[in-house]
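[1] How does the following fold in three dimensions:
(chains A, B, C and D)
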4 protein chains.
Amino acid sequence: MSQILRYGMVGGGIDSLIGDVHRKAAAFEGKAKIVAGCFSRHYDKTMSLGKKIGINPKRLYKNYHEMVLKEKDREDKIDFVSIVTPNSTHFEIAKDFLDKNFHVICDKPFTVKSKEALLLNDLALKKNLLNCVTYTYSGYPMVKQAKEIIRSGEIGKIRMVMAEYLQEWLAMPVEKKGNKQAGWRLDPVYSGDANCIADIGSHIENTVSYITGLKIESLCANLDHFVEGRVLDDNAEVLVKYVGGAKGIYWCTQVAIGYNNQLKIRILGEKGSLSWEQENPNLLKLGIYGKPVQILSRGRDFMFPMALKVSHLPGGHPEGFLEAFANIYNNFSDTLIVEKNKKEEQRERIVDFPTFHDGLKGVEFVQHCVISSKKGAKWIKIH
Amino acid sequence: MSQILRYGMVGGGIDSLIGDVHRKAAAFEGKAKIVAGCFSRHYDKTMSLGKKIGINPKRLYKNYHEMVLKEKDREDKIDFVSIVTPNSTHFEIAKDFLDKNFHVICDKPFTVKSKEALLLNDLALKKNLLNCVTYTYSGYPMVKQAKEIIRSGEIGKIRMVMAEYLQEWLAMPVEKKGNKQAGWRLDPVYSGDANCIADIGSHIENTVSYITGLKIESLCANLDHFVEGRVLDDNAEVLVKYVGGAKGIYWCTQVAIGYNNQLKIRILGEKGSLSWEQENPNLLKLGIYGKPVQILSRGRDFMFPMALKVSHLPGGHPEGFLEAFANIYNNFSDTLIVEKNKKEEQRERIVDFPTFHDGLKGVEFVQHCVISSKKGAKWIKIH
Amino acid sequence: MSQILRYGMVGGGIDSLIGDVHRKAAAFEGKAKIVAGCFSRHYDKTMSLGKKIGINPKRLYKNYHEMVLKEKDREDKIDFVSIVTPNSTHFEIAKDFLDKNFHVICDKPFTVKSKEALLLNDLALKKNLLNCVTYTYSGYPMVKQAKEIIRSGEIGKIRMVMAEYLQEWLAMPVEKKGNKQAGWRLDPVYSGDANCIADIGSHIENTVSYITGLKIESLCANLDHFVEGRVLDDNAEVLVKYVGGAKGIYWCTQVAIGYNNQLKIRILGEKGSLSWEQENPNLLKLGIYGKPVQILSRGRDFMFPMALKVSHLPGGHPEGFLEAFANIYNNFSDTLIVEKNKKEEQRERIVDFPTFHDGLKGVEFVQHCVISSKKGAKWIKIH
Amino acid sequence: MSQILRYGMVGGGIDSLIGDVHRKAAAFEGKAKIVAGCFSRHYDKTMSLGKKIGINPKRLYKNYHEMVLKEKDREDKIDFVSIVTPNSTHFEIAKDFLDKNFHVICDKPFTVKSKEALLLNDLALKKNLLNCVTYTYSGYPMVKQAKEIIRSGEIGKIRMVMAEYLQEWLAMPVEKKGNKQAGWRLDPVYSGDANCIADIGSHIENTVSYITGLKIESLCANLDHFVEGRVLDDNAEVLVKYVGGAKGIYWCTQVAIGYNNQLKIRILGEKGSLSWEQENPNLLKLGIYGKPVQILSRGRDFMFPMALKVSHLPGGHPEGFLEAFANIYNNFSDTLIVEKNKKEEQRERIVDFPTFHDGLKGVEFVQHCVISSKKGAKWIKIH
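    Next up, the predicted model:
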C-alpha cells in the first residue's frame, strides 16, 4: 500500500510566497502529494493554480466549506489539510475541517484570540486528530541539537535566555506605499491587537520554549510603534521570568535597518552556554566552562538522533529555511503515516512538530504582552 | 498543454545521496516529474525505489540500454535523462541517450578522459540536444550576482583569482576502513588519474570560469597524496595564468581537518574585489576602491536579473546547497520547455546552466593538472 | 618649556592589573610621566614598585594624605593624580586632592554613593579642575566614529538601543575559592548595593550615553544573583525609556560561560543602524536604508576628526583595549597642556574624555537600577 | 642596580610612523629608555624630535657614525641601538654598531642583498652580540600558541601550509601621485629587485617558519606587477616544498581592494589544523580530528608558557599590533638584562625574538623568489 499522503490546501494562492513554501515543504521528501485546493476567494485563481500544479479540477473548490463537505465523502479523501490563509480566518476554517475529522496543519500565528486557539486545541485533542502550527524554526537540525544538548544536562540548569528577532522591512511607512502585507499586518481589523510581537515575537516564544522547555511565569512587555501613524507595534522589548528562576530578554523589531531576518538565541546555563543564529543555521556555538568555545557543524559533528533525523546533507552543504519548513511537514507526515498503519495496541505517538498547543501558547504570549504594554509595561503573572 | 517535463534517471539508487539530491532538485519547482528509471545494476533495487517514489513499474528498467530503447518508442517518452552513475560510466550511457535524441543531464566530473567528453559535446551540438553537467555552485544566486557584477565592469579588469576548496573527509585512510565512496574515488580503476583535483578541483575550475569568464593560458600543478598508501591525490596546489594577464591560485584539499566543504572564491579587479563562500552562500562581499566594504545579502540588496531569477525567499531566509542544485535543474527545464514550445523562427536559446562544454573544460583542466604534476609541477601551456 | 606632564598615582600596586594599565596608558604618547606614588597601604610595596619604575624615593608616600600635603608644596609638583584604589575609597582620596587643587583622574565606578559623586563633581567644577573617570570604551576610535555618525544625522533619529556586556568570570562561586577580586566585588562592605550592574552595567550606561547623547527618562531593572550564596547581582536586565521616545535594552552578565568581555552596542535609527563590538573594536557596522551593509574599518575608511585623532596605526593593524585606555589619558593630557599654557582670554576647553559628571551619571544609574529591582523590577522615573 | 636598559635610535624621525612604533614598543614595559638618537639626515629634525621626547641634546647626533664613536666612550653608553632607516642603509649602519660591540635591533626587511645579511649575522655571532630583526607577527601571543601547539604534536606532522597577506594600498598608481612610501618601495634604486615579496612576503616566510619550524626545500614563484608602469612586483604567488614532504602556498598582494592588512595562516596537520588571522589576532582556530572546531581565546583558554609570557590582559580585552611589536622588544630586553647580569658559567640564552639569522633567511627567500620568477616561475632548489 502506498505511503504517500494526500493533502489539500486552503489559501496559499498564486501570489502567496508562503503558499509556495508550504507546497515545497510538503513535497520535499515525497511523502505528501497535494490533490485538492481552495487557494483563493476567486475561483478562477484557484482553477489556474490548480491546473498549473496538476490537481484534478473536480477537487478545486469555490470555498473551504465546499472542500470539507466534498472531500469527506470521497474514498480517496485528503489525509490532512494545510491552512495558509490570513490569521483572522484560521479559526473558522480549522474548526470546520476538525469537525469532519481531518488532520490539520495551520500557518502561524495560530489565531487572533486565545479562546479560539483553546477551542481548536481542545477539539483536536478530543477527536485525537493530528494538529500542527508551522513555527518554522523548530524544524532546523541545530535547533533540535540545542534542545537535546540542554536535555542532556551538558550546559546545566538554565539561568538566562536572550532571544532577539530583527527585521528591517517595516522601518519605513511602507504600508502607506502599497505594500500589501504591511497593510494587513498593521491593520487591527485583520491583525487584532498586535503586529510585530505576534508575527515574529511569537517565533521567539515558540523557539525558546521548544529548545529550553521553560515556562513563562511572568513578563513585562513594552510595545512600540516607531513609525508615525501606526496603531500596532513594530518593535517590542519583553522581560521574562520563568518558572524555576531563570530570566529572559526577548526583543523583536521590524525597524532594524540592515538586518534581514536575524533570529538569534543565546542560552546561559550553570555549566555552559549555547548560541544559534537563523541566518547561519548550520552552526551551533557551544561554550563549556573551562573549555574553548566549540563550533558544532551540522553533518560534521555529533548530532543527537532527533537532530540527525532531519539533517540531510553532509557537513558544509548548507541547508536553509525551506529545509527547516520541510522538516516540520516531514515529521508530521511520518507521524500520520504511522497512525494510519498502526493497530490499536501500538506504540506511542511521536510528535516532534509544533502543535495547536504551541499555537495556543503563542497566542496567549502575545495577549499577555499586549496587556502588559497597555498597562505601562507592568509585570503580568502567567503561571 | 501541460508544461511539466518527464524525465528518467540512470543510477542514483536508494543508498545514493546524490541521486536523492538530483530528484529533489528536479522536483523542486514542480517543472519535471520522474517517470522512468534504472537506478541500480540490481533490478530488485530499481523496482523497490521505483515503487516507493511512485513510478509505473513498466518504466523501471533492468539496464540503461533497455531504457533508451523502450523509452524512445513511447508516445509519452521522457523529455530528458539524468545520469547519476559513477564517472567512469558516464560516457557510454550519455552517448546511448544522445544517439536516440534524448536531452541529457549528467553528474560531474563529466567523463574520465577528455576525448570522451569532446565526443559527447560534439554529438550533443550536432544533434542540437540540451546538455548539462551538474556543477552545483554556479546555481547559487550570489555566484550569479558575482558574475554579473564583473560583467558590469564594477570591479574592473580582473587581476587575481584565489579559489580554494577545503574538505576533511579523506584526512585519514578511511578507504581502508570501509568507506565505499573513498574506496572508488581513490581507486585508479574507477577514477582514472585523479581524485581530489577531479572531484573538487573541477568545481573550482568551473565556478571560477563561470564567474569570471577567464580562460586558462597555462598552469603549474602539484598533486599530493598525503595519506600513506594512496596512489591518487588528496590535495593539490595549482598556479594559473589566464589569457589576458590575470593570475590565479587554486587550492583543493580533502585532508583539511576542521573544514567541511569550504569553497571560497576571491577575485581582485582593478577597481574592486569580490569574495564568496559556499558555506555562507547568501552573502557576497564587495570591496570598491575608496569605499567601505559592502556585504551584499541575497534577497535584500540589488540583484541582477539572472541572480534574481533563482532567488526565491526574502533576505535572511537562508537558501542552501539543494536550492542551488535545483536552480540548475530549473534553468535547464525552463530552456527545455521553451524549446518544446518554440516555433522555427523563435528566439535564441537561453543557457544559464553548466553544459557538456563546461564538463569538457573540467576534464581537460584535470588532465593538464595531472600532466603538470607528473612532470614535477612544470608549467603547461593550454591556450 | 617641556610639555611632559608629571603625575602621581594612588593605588595600582604591583599586583594590580589595572594599575599597570593606567601607567601604560599615561606613558603611551609620552605626554605624562609618573613622578610620585602611594601604591599600597604597605609602604614597602610602594617603595619596591616605585624603585622598579624609577621614581624618586622621596616622592613615594606612606599614605595619600601625605602625598597631597607634600606634593602641593613642591615646585615640581604633580600636574594630576590618578586614583586606582577600590571604589569605596575613591571619594575621600579624590576630595583630598581636589581640595588642594590637583586635577584628578579616577578609576570607575566613580563612587559608591551618588551624593559623594555629586559632591566631587561640584567641587571640581567650582575649582575649575580637570576631572576624569576612566570609562575605557569611549576611548575607542570606532566608538567616537559611531558618535559622530549619529551626530551627523546619517542614521536619523534614534529609535532603539540594544547594549549588552557579557563576561564569564563569575559563572562559578570563585569568590569562595580564593579569587580576591571576586571576593571584594561581591562583598557589600566594599561594593555597596551592586556588583555586576556597577562594574560593567555602568560601562554600558556610559558608552551608550557617550555615543548617542540620549538621556534616560525611566527604567525598569531586574538584578539577579544566579550563583548560590551571593548577596549582590551577577546578572541584570534593564529596560530603558529615553527622553524623546527612544527605547533601550541593557543586559550585563558575569555568568555567560564562553564569553570573555563582549560589550556590544547596536543602535537603530530612522534612516540606518550601527553596531560595534568591543572584542573586534576596529570595525563598525553601518546599515543605511536601501544600501548594502557597510563594514567601516579604522584606518581605512572615512573617519571623523574626533575619531581620527585617536587612531594611530594604518587599517588592519589592530588597536586594542590599551590603546583605548591611552586615548583617554592622551585627550586628558592634551586638554591639561592647553590649560597650563593658555592665557585668560583663550579658547574653550575641549573635553573628549569621560568626566566626573559621567561618573556621577553612572553611579545614579546603578542606584536607580538597584531601587527598581528591589521594588520588583518596577519602572523608576529619572528625568 | 637599575634594570632599565638604555638605547639609541637611528632613523625613525618625526614623520616616520614606524619610528614611533619602535619607541612605543621599547617603552611599553618600561624596560628600555631611549637616551640617544640620530633620527634624520637633517640635524635640526633630530634635535627637535630629541627635545620633544626628552633626550639630552649632547646625545643627539648628526650622523650614525658620530653616534657610534661618541656612545662607545660613554660610561652610561647605550645598551643597544634600534635601526629604523630605509632598508638599503641597514647594512652599513648595523655593521658600524656591531664593530663597536653594540647589540642591535634592526627593522625588516633586514638587508637588500643576502651576502650583506650573511656578513652581519656572522659578525654578530662572532662577537656574541644580541641581534634582532623586528618581524612583528611572531610577537603575537596566539602565534606563539600556534607554535607550541604544533611542537606539542597535537595536530600531528604538518602536511600543508597556506599563508596569505593581502593589502590594498598599491592597487592604484599612488607612487605617481605623491605617496612617498610607495615611491621608494617601488623604486629599484632603494628596494633592489623586489617590493611586495620583500615587504610583506618576507613576513609570511618568517611567521610560517616561526610557527612551523619548516625549512623550504624548493619553491616556484611568480611575481606580478599589475599596475602599469611598475618595475617591481605588487603581487606574488609562491608554491613551496618543504624538507620532509609538506607543501605550501604563499600569496602576498598589495592590490587587494577591500583588504587592509590581512595576514592569514592556515596549517593542516595529520591530526588537526590551525588557523590564525592578524586582523583578529586574539583568537586561534583549532580543528582536531573527530572533534568540533575550537576557538581558542587569548587570556581565556589554556596558553603555553611562551605565549602566556607575552599575554598581558584578560580574555576579551583586545591586544593588537603594537603589543605584538612590544613583545619583541620586551623579549629582547629580558634576554639582554639577563646577559648583563649573568656570570660566566650561567644558563643558556633564551632567544624568543626574531634574529639576524631570521633576517638572513628572509632576504634569501626574497632572492630565490625573484630568481624563480625571472626564469618564468621555475622551481628553484634551496635546501
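[2] what about the helices in the stretch 151-300 of chain A?
    Along the stretch 151-300 of chain A, counting by DSSP state H, counting those that start in this stretch, helices occupy A:180-185, A:188-191, A:196, A:202-212.
[3] can you list contacts of the last one?
    Contacts of helix A:202-212 with the rest of the structure, by C-beta atoms under 8 Å, 6 or more residues apart in numbering or on different chains, involve A:108-109, A:135-138, A:143, A:146-147, A:150, A:158, A:161, A:163-165, A:214-216, A:246, A:248, A:250, A:252, A:263, A:265, A:267, A:274, A:354, A:358, A:361-363, A:365-366. (Glycine included, C-beta is placed from N, CA and C.)
[4] Buried ones only from those residues, please, as a PyMOL command.
    Here is the PyMOL selection string for the buried members of the contacts of helix A:202-212, based on 16 or more other C-beta atoms under 10 Å in any protein chain shown:
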select buried, chain A and resi 108+109+135+136+137+138+143+146+147+150+158+161+163+164+165+214+216+246+248+250+252+263+265+267+274+354+358+361+362+363+365+366
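[5] which regions of chain A sit below the pLDDT cut-off?
    Scanning chain A for pLDDT under 70 picks out the ranges A:1-2, A:343-347.
[6] Would you mind telling me which of the helices of the stretch 151-300 of chain A is nearest residue D:376?
    helix A:202-212 (59.0 Å; C-beta to C-beta).
[7] Run the chain-centre distance for the closest one.
    Distance of helix A:202-212 from its chain centroid, counting by C-alpha atoms, centre = their mean, to the nearest Å, is 10 Å.
[8] just stretch A:59-66 next, same as before
    Taking C-alpha atoms, centre = their mean, one finds the center of stretch A:59-66 at 25 Å from the center of the full chain.
[9] Is chain B within reach of that stretch?
    No - residues of stretch A:59-66 contacting chain B under C-beta under 8 Å from any C-beta of the partner chain: none, with a closest distance of 15.7 Å.
[10] domain ranges for chain A?
    Using automatic domain parsing, the domain ranges for chain A come out as A:5-137+A:325-356, A:141-313+A:361-381.
[11] tell me the most buried of the ones you listed?
    domain A:141-313+A:361-381 (a mean of 21; mean count of other C-beta atoms under 10 Å in any protein chain shown).
[12] Can you measure across it, start residue to end residue?
    Taking C-alpha to C-alpha, to the nearest Å, the first and last residues of domain A:141-313+A:361-381 lie 33 Å apart.
[13] Stretch A:208-224 now?
    Counting by C-alpha to C-alpha, you get 22 Å between the two ends of stretch A:208-224.
[14] go on, stretch A:76-93?
    Using C-alpha to C-alpha, one end of stretch A:76-93 lies 21 Å from the other.
[15] check whether that stretch contacts chain B.
    No - Stretch A:76-93 is not in contact with chain B by C-beta under 8 Å from any C-beta; minimum separation 14.5 Å.
[16] Other residues contacting stretch A:303-317?
    For stretch A:303-317, contacts defined as C-beta under 8 Å, 6+ apart pick out A:139, A:141-142, A:144-145, A:147-149, A:152, A:282, A:297-301, A:319, A:323, A:327, A:330-331, A:352, B:17, B:20-21, B:167, B:169, B:259-262, B:278-279, B:320-322.
[17] So which of the residues you listed are in strands?
    If you go by DSSP state E, the contacts of stretch A:303-317 have A:297, B:167, B:261-262 in strands.
[18] does the spatially closest residue to residue A:55 that is not a sequence neighbour sit in a helix or strand, and which one?
    In this structure, residue A:55 finds its nearest non-sequential neighbour in residue A:37, 5.8 Å apart by C-beta to C-beta, 6 or more residues apart in numbering or on different chains. Following DSSP states H and E, one finds residue A:37 within strand A:32-38.
[19] which secondary structure elements does that strand contact?
    In terms of contacts (3 or more C-beta pairs under 8 Å, 6 or more residues apart in numbering or on different chains; DSSP states H and E), strand A:32-38 is packed against strand A:5-11, helix A:17-27, helix A:43-52, helix A:64-72.
[20] relative to helix A:64-72, how tilted is the first one?
    Spelled out, that is strand A:5-11. 170 degrees (axes from the mean of the first three to the mean of the last three C-alpha atoms, to 10 degrees).
[21] Indicate each strand paired with strand A:5-11 and its parallel or antiparallel sense.
    strand A:32-38 (parallel), strand A:80-84 (parallel) (DSSP bridges).
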